[in-house]
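# Test case, fold it:
(2 chains)
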2 protein chains.
Amino acid sequence: MSSVLIIGAGGVGRVVTHKCAQLPEVFSEICLASRTKSKCDQIAGEIQEKTGRAIQTAAVDADNVPELVELINRIKPRMVVNVALPYQDLTIMDACLETGVHYLDTANYEPLDEAKFEYKWQWAYRERFEEAGLMALLGSGFDPGVTNVFTAHMLKHHFDQIDYVDIMDCNGGDHGYAFATNFNPEINIREVTANGRYYENGEWVETKPMEFHHTFTFEQVGEKKMYLLYHEEMESLSKNIPGVKRMRFWMTFGDAYLKHLEVFRNIGLDSIEPIMFEGREIVPIQFLKVLLPDPATLGPRTVGKTNIGVIAKGRKDGKPVSRYVYNICDHQACYKETNAQAVSYTTGVPAMIGAMLMMTGEWMRPGVWNMEEFDPDPFMAALNKYGLPWTDIETDIDIDSLPG
Amino acid sequence: MSSVLIIGAGGVGRVVTHKCAQLPEVFSEICLASRTKSKCDQIAGEIQEKTGRAIQTAAVDADNVPELVELINRIKPRMVVNVALPYQDLTIMDACLETGVHYLDTANYEPLDEAKFEYKWQWAYRERFEEAGLMALLGSGFDPGVTNVFTAHMLKHHFDQIDYVDIMDCNGGDHGYAFATNFNPEINIREVTANGRYYENGEWVETKPMEFHHTFTFEQVGEKKMYLLYHEEMESLSKNIPGVKRMRFWMTFGDAYLKHLEVFRNIGLDSIEPIMFEGREIVPIQFLKVLLPDPATLGPRTVGKTNIGVIAKGRKDGKPVSRYVYNICDHQACYKETNAQAVSYTTGVPAMIGAMLMMTGEWMRPGVWNMEEFDPDPFMAALNKYGLPWTDIETDIDIDSLPG
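Numbering: from 1, shown residues only, chains lettered A, B, ... in the order given. This is a model prediction of the structure:
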């Protein structure tokens, strides 16, 4: 019997729960918990209808270790799948250590008061997990997650040495609104307006926001402008892919999307500093959030596809090799299966797969680990089986020669 | 002794008061009134400092006829210069009729509940003013106002027949902000996002917002994109310029300005419909107003020039004639003289000139009148004398052949 506790009932939580529920032979008992129990109950109701399976639900404040410990002790899962907020990774890891259960998440810990995407806080738990005989799998979403596994797969099967890695995340979805964000606008806007960063010759090179961009033609999506950003999987990949010379991350944004962000910034509508309005303080970005469509309502109306992949260049048997591995995911197909669009689906499915490989023992090893530190083969096979099929091809694409 | 009561202490009120104070031989007593007396006192203080003249100030609610009547009876002016809000034209005209004083304004009456720029409400006062032996001069600003006078001047001196009139309003000022409005954002945004309209062969032709545009090179400003809008002076000019075939109005807007308006519209930030935010109703455009720079603060930081003029085409002695009359006004020079920038200055100076011509009797005639119904010569002379010098040239510009 392997029981799992899923914490977080947003779009990703919905997908993980749906997918785990489809695998009763692995996840015999499922409990879904979040601050707002009614959100869990709604997802449980959907699953009951689709699969006939009953999912347990619970309310929990994931900032509160004793509350988490109490819940885990009551549910007695073998592992926790954390798809709550990134601010809550450490409290949940603490609770896992205290109760002796394994841990998985999809995004690294961020302190609430500084916008830093870094693994250092979670890597610091390594010895404690090892000594407790427990495993923590970090970043088992799509990016980070599948992109790490794609890279490990290429290194295992196609390369002696990878020199250059470019990760490309394209969302070609259209929700029909002039502007909306796929998740919390505050996090979304911060990601885009921050400085970029890439890894080269053992060092991190900082860029201005959106300083580097190229126009790339993504299969089944079409031509999109992609921008160099920092993204967290590069931190572990740059350590775990021996001798890699350069590693970059690119994300596509439409001109209209960027135009809206620019205007918000110009007039201070994205500000987190309160201003006085009719005698009381209002935080502009909170007001903006109310104006914008609720990200949760985008699912049924989003059409189009995502295409996320990795291009690696290096050598095999002394000869140059250049490979491209990618997944294409259709928003409407995801919605039909799980009531969530592809942005949630592509994160939730790898979370389920990571948990499955831990449960079956294929990826079970005490300590705190990143995705590329395991054999990619079972994960790659599971991606094909559980809704995220991939393509692995030779490529002659040279990103730097693409138009800006 | 001719005493004047100026109602309205915004940017235009400031300029009118400064300019009237410079002409003690015409305006022997000046009272400046507005809802907020402290704004009047500040302007009075500036004038005291610049000219040594003492200006009377008063508080008045211009929506309230009895309050206006009480003030007029106390001050006993010969005329009222109304530079308050367009919603308040009729109450002030009522008060003038009741107290037996002349009236002048710079913008036609608009009902609060419908965005209609029409003279019908004020023209309906014609008989009452005539019978009372009182004069009301409508639209004595720049546009309407000076643009009407420019047209009358060309008809008097250069044409037997004017066939085509194009009025062009260019503000080349730069306040250094990514986005700000020169006056109340609500009115400003409504003007731009409304359908356009022009007069052709006895009829009004409606256009989509910003449907027609041309790139025009304005003297001392440079190349600007100008857009066809409806503007109120066309209503009276189309009646008072006999046989005119077509009349259009163009205003320049920068791409960045329009981009901001488009984004506001896309997310509903320009909406006047309240939305719920943290338990109470907030009108989005009111919140936007608080985010944007206060228009009153733009004066000291605005540099550059305005260029507003009229191109007329027609015949004289059977030969084709094409003329262009325009004024160029420098924001910083205006600010130095009156603590207000050119947008206020170009409206306030013609208001003073109209009042002066009424006081001296040159333009005194009982009834309700538009600007082009008087001899343009004394007004044109006064423009040169009091800060808005004009140029009157032949032109071969064909707007329709300009690039879009």
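# who's in contact with whichever residue of the stretch 1-150 of chain A sits closest to chain B?
Proximity of the stretch 1-150 of chain A to chain B (CB to the nearest CB) peaks at A:T36, 17.9 Å away. In short, each C-beta sits where N, CA and C put it, glycine included. Contacts for A:T36 were tallied using CB atoms under 8 Å, 6 or more residues apart in numbering or on different chains; they are A:A9, A:A59.
# Repeat that for A:A59.
Contact partners of A:A59, counting by CB under 8 Å, 6+ apart, are A:A33, A:S34, A:R35, A:T36, A:K37, A:C40.
# and the first one, how many neighbours?
If I follow you right, that is A:A33. If you count neighbours by other CB atoms under 10 Å in any protein chain shown, A:A33 ends up with 26.
# and it, bridged to which residues?
When bridges are called by DSSP bridges, A:A33 pairs up with A:I7, A:A58.
# That one and B:F287: what is the separation?
Here the distance between A:A33 and B:F287 works out to 36 Å (CB to CB, to the nearest Å).
# mind checking pLDDT for the residue of the stretch 1-150 of chain A closest to chain B?
On pLDDT, A:T36 comes in at 95.
# next one: phi and psi at it?
Phi and psi for A:T36, reported as degrees, to the nearest 10, are phi -110, psi 100.
# Please report how far A:E110 lies from A:Q122.
When distances are taken as CB to CB, A:E110 and A:Q122 turn out to be 11 Å apart.
# Figure out the length between the terminal residues of stretch A:55-65.
Across its full length, stretch A:55-65 reaches 23 Å end to end, with CA to CA, to the nearest Å as the criterion.
# what do you get for stretch A:259-277?
First-to-last residue span, stretch A:259-277, CA to CA: 26 Å.
# any idea how chain A splits into domains?
The record's domain parsing of chain A by automatic domain parsing lists A:3-138, A:146-339+A:391-401.
# what's the offset of the shortest one from the middle of its chain?
Right, domain A:3-138. How far domain A:3-138 lies from its chain's middle: 14 Å, per CA atoms, centre = their mean, to the nearest Å.
# Equivalent analysis for the last one, please.
Counting by CA atoms, centre = their mean, domain A:146-339+A:391-401 is centred 11 Å from the centre of its parent chain.
# okay, now A:M358: neighbour count?
If you count neighbours by other CB under 10 Å, A:M358 ends up with 26.
# my read: it touches A:M364, true?
Yes - applying CB atoms under 8 Å as the test, A:M358 and A:M364 come out as touching, 5.5 Å apart.
# what is in contact with those two at once?
By CB under 8 Å, 6+ apart, A:M358 and A:M364 have these common neighbours: A:H102, A:M135.
# residues in contact with A:H175?
When the contact criterion is CB under 8 Å, 6+ apart, the partners of A:H175 are A:P293, A:L298, A:R301, A:T302.
# Among those residues, which one has the most neighbours?
In terms of neighbour count, A:L298 stands highest of these at 24 neighbours, by other CB under 10 Å.
# which one is that residue nearest to, not counting chain neighbours?
With sequence-adjacent residues excluded and distances taken as CB to CB, 6 or more residues apart in numbering or on different chains, A:L298 is closest to A:H175, at 4.6 Å.
# now A:T217
A:E223 (5.0 Å).
# I figured the one you found hits A:T215, correct?
Yes - in this structure, A:E223 sits in contact with A:T215. The criterion is CB under 8 Å, and the distance is 5.8 Å.
# Give me the below-cutoff pLDDT ranges for chain A.
Applying pLDDT under 70 to chain A flags residues A:1-2, A:112-116.
# Near chain B, which residues of it are found?
Residues of chain A that fall close to chain B, judged by CB under 8 Å from any CB of the partner chain: A:178-179, A:259-260, A:263-264, A:266-269, A:275-278, A:282, A:284, A:286-288, A:290-292.
# Of the residues you listed, keep whichever come out buried.
Restricting the residues of chain A next to chain B to buried positions leaves A:178-179, A:259-260, A:263-264, A:266-267, A:269, A:277, A:282, A:284, A:287-288, A:291-292, with burial counted as 16 or more other CB atoms under 10 Å in any protein chain shown.
# where along the stretch 1-150 of chain A do the strands fall?
Along the stretch 1-150 of chain A, the stretches classed as strands by DSSP state E, counting those that start in this stretch are A:3-7, A:29-34, A:56-59, A:79-82, A:102-105, A:135-138.
# out of these, which comes closest to B:V80?
Nearest of these to B:V80, taken as CB to CB: strand A:29-34 at 65.4 Å.
# Return the list of helices and strands in contact with the closest one.
In terms of contacts (3 or more CB pairs under 8 Å, 6 or more residues apart in numbering or on different chains; DSSP states H and E), strand A:29-34 is packed against strand A:3-7, helix A:11-21, helix A:37-51, strand A:56-59.
# what's the angle from that strand to helix A:37-51?
The directions of strand A:29-34 and helix A:37-51 differ by 140 degrees, with axes from the mean of the first three to the mean of the last three CA atoms, to 10 degrees as the criterion.
# who's in contact with strand A:29-34?
A:1-9, A:13, A:17, A:20-21, A:40, A:43-44, A:53, A:55-60, A:62, A:71, A:75, A:77, A:84.
# what would the contacts of A:H175 look like in JSON lines with secondary structure?
Converted to JSON lines, these look like this (DSSP: H, G, I helix; E, B strand; the rest coil):
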{"residue": "A:P293", "secondary structure": "coil"}
{"residue": "A:L298", "secondary structure": "coil"}
{"residue": "A:R301", "secondary structure": "helix"}
{"residue": "A:T302", "secondary structure": "coil"}
